[in-house]
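**Student:** sharing a sequence plus its predicted fold:
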Amino acid sequence: MKVTLPKPLTVNSLYGISCRGGYAHRYITEKGKVFIQECMYLLMPYKGQFLEGKLKLDLTLYYCNRGDIDNVFKITADVLTKTGVITDDHQIFKISGEKIKVQHKTEEKCVIEVSVIQ
């Protein structure tokens, strides 16, 4: 499965933290909800077709200003789980990534390919 997604948000933009009853609680921000909805739309053809077994995630990040690739892996795995493409991110046994600098913000994107490890 290969799909192009928008450039992922930073972890701090996707998640917020609040304290309730003396305990920290992580939640998805409004900006994060919009990003996940957009990804869900793009991943709709793959929804419910859970990839089984050990998986490999290949990721290419096209960025203009800053591109922190290690955060992109976690956010992408979370989105794949939330959209029902994979059962859980613990299935991902192998990851590879590449960053490519682009000239304009409109060219920013994240191309992912998920495959089953034989």
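**Tutor:** Structure received.
**Student:** how about the one helix or strand in the chain whose mean pLDDT sits lowest: buried residues?
**Tutor:** Across the helices and strands of the chain, mean pLDDT, DSSP states H and E gives its lowest value to helix 11-14, namely a mean of 84. Taking 16 or more other Cβ atoms under 10 Å as the neighbour-count basis, helix 11-14 is seen to contain the buried residues residue 14. Heads up, the C-betas are built off the backbone N, CA and C, glycines and all.
**Student:** now that helix - C-alpha only, PDB.
**Tutor:** Taking C-alpha atoms only, helix 11-14 is exported to PDB below (Å, rounded to 0.1, in the frame of the first residue of the first chain):
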ATOM      1  CA  VAL A  11       3.800  16.100  18.100                       C
ATOM      2  CA  ASN A  12       3.200  19.300  20.000                       C
ATOM      3  CA  SER A  13       0.600  20.500  17.400                       C
ATOM      4  CA  LEU A  14      -1.100  17.100  17.200                       C
END
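**Student:** what packs against that helix?
**Tutor:** If contacts are counted by 3 or more Cβ pairs under 8 Å, 6 or more residues apart in numbering; DSSP states H and E, helix 11-14 sits against helix 30-43, helix 69-82.
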